[in-house]
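Novice: requesting a structural model of the entry that follows:
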Amino acid sequence: MATVEIDFDVYKELTARRATETTTYNDVIRELLEMDAEPELANSGEASSGGLEMKGVFLPNGTQLRVTYKGQTYTAEIKDGAWLGSDGVRRNSPSDAACAITQTNVNGWRFWKVKRPSDTRWQVLNALRP
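Specialist: Residues are numbered from 1 along each chain as shown. Sure, this is the predicted structure:
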């Protein structure tokens, strides 16, 4: 993934244009550039071998995710190539799932712990990023 440097005023303007906490800065920029919305996770992130690929990280079906927030434990699972919360809601990204829990903008890659079917221990999801 490429990194784009912006100054603080641009950051503030992008933040002000976010419709909700789950609207990403990428969504705002795509809208400003009059580009189509990003393809749905169902079309772009599913891996043919049974799992989900996001930002260079492959999570096979059966991968478990968990987080404890304000004393409550939340879980999710990769099932049929999608991120599925314990509430049955399909999420677009780790950050989308984290924002749904915290009701604020959160880096989901640092928020969630993950355990793939082949793993023996839990680790922070961000540790899997290339």
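Novice: before we move on, which element is Leu84 in?
Specialist: When secondary structure is defined using DSSP states H and E, the element that contains Leu84 is strand 82-85.
Novice: show me what that strand pairs with in its sheet, parallel or antiparallel.
Specialist: Applying DSSP bridges to the sheet, strand 82-85 is found paired with strand 72-79 (antiparallel), strand 90-91 (antiparallel).
Novice: and the next helix or strand past the shortest one?
Specialist: As assigned by DSSP H and E, the chain's next helix or strand after strand 90-91 is helix 94-102.
Novice: ok, residues contacting that following helix?
Specialist: Residues from elsewhere that reach helix 94-102 (C-beta atoms under 8 Å, 6 or more residues apart in numbering): 21-22, 24, 54, 65, 67, 69, 74, 76, 83, 85, 89, 91, 105-109, 111-112, 125. In short, each C-beta sits where N, CA and C put it, glycine included.
Novice: among the strands paired with strand 82-85, show me which one is buried the most.
Specialist: strand 90-91 (a mean of 18; mean count of other C-beta atoms under 10 Å).
Novice: contacts for it?
Specialist: For strand 90-91, the external contacting residues (C-beta under 8 Å, 6+ apart) are 41, 76, 82-85, 97, 100.
Novice: run the last query once more with 7 Å
Specialist: With C-beta atoms under 7 Å, 6 or more residues apart in numbering as the test, strand 90-91 has contacts from 82-85, 97, 100.
Novice: what do you get for stretch 104-115?
Specialist: Applying C-beta under 7 Å, 6+ apart, the contact partners of stretch 104-115 are 21, 63-67, 93-95, 97-99, 122-126, 128-129.
Novice: buried ones in it?
Specialist: 105-106, 108-109, 111-112, 114 (16 or more other C-beta atoms under 10 Å).
Novice: all good on my end, thank you.
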